[in-house]
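Visitor: no sequence on hand, only this structure:
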Ligand SMILES: [Zn+2]
(Lines give C-alpha, C1' and ligand atoms only; values in the text may rest on other atoms or scores of the structure.)
Protein backbone atom coordinates (compact mmCIF):
# COMPACT_ATOMS: atom_id res chain seq x y z
CA UNK A 1 0.00 0.00 0.00
CA UNK A 2 1.74 3.16 -1.16
CA UNK A 3 2.10 5.84 1.42
CA UNK A 4 0.59 9.09 0.30
CA UNK A 5 3.26 11.73 0.17
CA UNK A 6 2.46 15.11 1.53
CA UNK A 7 3.25 17.87 -0.92
CA UNK A 8 6.20 19.87 0.23
CA UNK A 9 5.30 23.09 1.90
CA UNK A 10 8.48 24.68 0.59
CA UNK A 11 8.00 27.20 -2.20
CA UNK A 12 9.61 25.97 -5.42
CA UNK A 13 12.34 28.56 -5.51
CA UNK A 14 13.22 28.51 -1.84
CA UNK A 15 16.83 27.73 -2.63
CA UNK A 16 17.08 31.04 -4.45
CA UNK A 17 15.52 33.04 -1.68
CA UNK A 18 17.71 36.02 -0.96
CA UNK A 19 18.43 37.34 2.45
CA UNK A 20 18.08 40.92 3.52
CA UNK A 21 21.18 40.51 5.60
CA UNK A 22 23.84 43.08 4.80
CA UNK A 23 25.59 42.91 8.15
CA UNK A 24 29.37 42.72 7.76
CA UNK A 25 31.69 41.54 10.50
CA UNK A 26 34.60 43.98 10.66
CA UNK A 27 36.59 42.22 13.40
CA UNK A 28 39.50 41.51 11.00
CA UNK A 29 39.50 45.15 10.00
CA UNK A 30 39.48 46.25 13.63
CA UNK A 31 42.31 43.86 14.48
CA UNK A 32 44.36 45.10 11.55
CA UNK A 33 44.74 41.65 9.97
CA UNK A 34 43.25 42.97 6.73
CA UNK A 35 43.35 46.41 5.13
CA UNK A 36 39.93 46.20 3.62
CA UNK A 37 36.91 43.96 3.31
CA UNK A 38 35.23 43.52 -0.03
CA UNK A 39 31.50 42.97 0.06
CA UNK A 40 29.45 41.80 -2.92
CA UNK A 41 25.97 40.66 -2.00
CA UNK A 42 22.62 40.40 -3.68
CA UNK A 43 19.80 41.00 -1.30
CA UNK A 44 16.16 41.93 -1.03
CA UNK A 45 15.29 44.97 1.04
CA UNK A 46 11.75 45.92 1.89
CA UNK A 47 10.04 49.19 1.04
CA UNK A 48 12.21 50.16 -1.92
CA UNK A 49 9.29 52.21 -3.16
CA UNK A 50 8.43 55.80 -3.92
CA UNK A 51 4.94 56.92 -5.03
CA UNK A 52 6.17 57.09 -8.64
CA UNK A 53 8.86 54.41 -8.83
CA UNK A 54 10.21 51.28 -7.19
CA UNK A 55 13.09 48.84 -7.33
CA UNK A 56 12.26 45.71 -9.35
CA UNK A 57 11.65 42.78 -6.97
CA UNK A 58 13.22 44.86 -4.15
CA UNK A 59 16.45 43.37 -5.42
CA UNK A 60 19.75 45.15 -4.93
CA UNK A 61 23.32 44.19 -5.58
CA UNK A 62 25.61 45.87 -3.11
CA UNK A 63 29.31 46.08 -3.91
CA UNK A 64 31.26 47.88 -1.23
CA UNK A 65 34.83 48.17 -0.01
CA UNK A 66 35.15 48.66 3.75
CA UNK A 67 38.24 50.32 5.21
CA UNK A 68 39.21 51.47 8.64
CA UNK A 69 40.06 55.13 9.08
CA UNK A 70 40.98 56.16 12.61
CA UNK A 71 38.04 55.06 14.75
CA UNK A 72 35.62 54.87 11.83
CA UNK A 73 34.91 52.46 8.99
CA UNK A 74 34.46 53.86 5.51
CA UNK A 75 32.17 52.07 3.09
CA UNK A 76 32.65 53.05 -0.56
CA UNK A 77 31.03 51.34 -3.48
CA UNK A 78 27.88 50.95 -5.48
CA UNK A 79 24.32 49.79 -5.18
CA UNK A 80 22.76 48.37 -8.35
CA UNK A 81 19.35 47.21 -9.39
CA UNK A 82 16.57 47.93 -11.85
CA UNK A 83 14.02 50.65 -11.34
CA UNK A 84 10.43 50.41 -12.52
CA UNK A 85 8.20 53.44 -12.93
CA UNK A 86 5.36 54.87 -14.96
CA UNK A 87 6.15 57.20 -17.83
CA UNK A 88 4.88 60.55 -16.64
CA UNK A 89 3.26 61.26 -20.03
CA UNK A 90 1.77 58.00 -21.32
CA UNK A 91 1.75 56.01 -18.04
CA UNK A 92 3.38 53.00 -19.68
CA UNK A 93 5.80 51.05 -17.55
CA UNK A 94 9.38 52.16 -17.88
CA UNK A 95 12.46 50.35 -16.62
CA UNK A 96 16.02 51.42 -16.32
CA UNK A 97 19.25 50.57 -14.58
CA UNK A 98 19.66 51.82 -11.04
CA UNK A 99 23.22 52.64 -10.11
CA UNK A 100 23.90 54.60 -6.99
CA UNK A 101 27.22 55.47 -5.43
CA UNK A 102 27.53 54.56 -1.80
CA UNK A 103 30.02 56.52 0.28
CA UNK A 104 29.25 56.24 3.98
CA UNK A 105 30.94 56.53 7.35
CA UNK A 106 30.31 54.13 10.22
CA UNK A 107 31.35 55.00 13.75
CA UNK A 108 30.83 53.92 17.32
CA UNK A 109 28.90 57.04 18.22
CA UNK A 110 27.15 57.97 14.99
CA UNK A 111 25.80 61.40 14.20
CA UNK A 112 22.10 61.26 13.53
CA UNK A 113 21.46 61.56 9.81
CA UNK A 114 25.16 61.75 8.93
CA UNK A 115 26.94 58.57 9.94
CA UNK A 116 25.92 54.99 10.71
CA UNK A 117 26.55 52.91 13.84
CA UNK A 118 29.18 50.24 14.46
CA UNK A 119 27.83 47.53 16.76
CA UNK A 120 30.00 44.69 18.08
CA UNK A 121 32.54 45.43 15.34
CA UNK A 122 29.80 44.90 12.77
CA UNK A 123 28.20 47.30 10.33
CA UNK A 124 24.83 46.94 8.66
CA UNK A 125 24.96 48.16 5.06
CA UNK A 126 21.20 47.73 4.60
CA UNK A 127 19.95 51.14 5.82
CA UNK A 128 22.58 53.03 3.81
CA UNK A 129 21.97 50.90 0.71
CA UNK A 130 18.24 51.46 1.06
CA UNK A 131 18.74 55.19 1.36
CA UNK A 132 20.97 55.63 -1.67
CA UNK A 133 18.75 53.36 -3.77
CA UNK A 134 15.62 55.34 -2.90
CA UNK A 135 17.39 58.63 -3.61
CA UNK A 136 18.42 57.42 -7.07
CA UNK A 137 14.93 56.38 -8.19
CA UNK A 138 13.68 58.61 -11.01
CA UNK A 139 11.22 61.29 -9.93
CA UNK A 140 9.59 61.91 -13.33
CA UNK A 141 10.66 59.26 -15.81
CA UNK A 142 9.81 59.19 -19.52
CA UNK A 143 9.56 56.06 -21.69
CA UNK A 144 11.47 58.02 -24.33
CA UNK A 145 12.56 61.62 -24.62
CA UNK A 146 10.01 62.23 -27.38
CA UNK A 147 7.08 60.43 -25.76
CA UNK A 148 4.00 62.30 -26.97
CA UNK A 149 1.74 61.09 -24.19
CA UNK A 150 -1.64 59.40 -24.63
CA UNK A 151 -3.44 62.40 -26.20
CA UNK A 152 -0.75 64.60 -27.74
CA UNK A 153 -3.21 66.94 -29.50
CA UNK A 154 -4.82 67.89 -26.21
CA UNK A 155 -1.71 67.84 -24.05
CA UNK A 156 1.18 68.92 -26.26
CA UNK A 157 4.44 68.15 -24.58
CA UNK A 158 6.26 71.15 -25.94
CA UNK A 159 5.11 73.23 -22.97
CA UNK A 160 5.19 70.64 -20.23
CA UNK A 161 6.18 73.20 -17.63
CA UNK A 162 3.30 74.60 -15.57
CA UNK A 163 2.26 78.16 -16.46
CA UNK A 164 4.27 80.68 -14.49
CA UNK A 165 2.22 81.83 -11.53
CA UNK A 166 3.99 85.13 -11.16
CA UNK A 167 5.17 85.92 -14.67
CA UNK A 168 4.97 89.70 -14.22
CA UNK A 169 7.02 89.81 -11.09
ZN1 LIG B 1 5.65 57.53 -22.41
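Guide: That came through fine. Bear in mind the structure is a predicted one, so any value in this text is a computation, not a measurement.
Visitor: which phi and psi does the most centrally placed residue in the chain have?
Guide: Of all residues in the chain, the one closest to the mean position by CA atoms, centre = their mean is residue 133, 2.8 Å from it. When quoted as degrees, to the nearest 10, the phi and psi of residue 133 stand at phi -70, psi -50.
Visitor: now residue 122
Guide: Phi and psi for residue 122, reported as degrees, to the nearest 10, are phi -120, psi 150.
Visitor: any idea how far it is from the ion?
Guide: For residue 122, the distance to the ion (CB to the ion, to the nearest Å) stands at 44 Å. Using the backbone N, CA and C atoms, a C-beta is placed for each residue, glycine as well.
Visitor: got a list of what the spatially closest residue to residue 107 that is not a sequence neighbour touches?
Guide: Closest residue to residue 107 apart from its sequence neighbours, by CB to CB, 6 or more residues apart in numbering: residue 72 at 4.4 Å. Contact partners of residue 72, counting by CB atoms under 8 Å, 6 or more residues apart in numbering, are 105, 106, 107, 115, 118.
Visitor: the residue nearest to the centre of the chain contacts residue 53, correct?
Guide: No: the criterion here is CB atoms under 8 Å, and residue 133 misses it with residue 53 at 10.6 Å.
Visitor: picking up where we left off before, export the contacts of residue 72 as CSV, with columns for neighbour count and secondary structure.
Guide: As requested, the contacts of residue 72 are exported to CSV (neighbours: other CB atoms under 10 Å; DSSP: H, G, I helix; E, B strand; the rest coil):
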residue, neighbour count, secondary structure
105, 16, strand
106, 23, strand
107, 18, strand
115, 17, coil
118, 19, coil
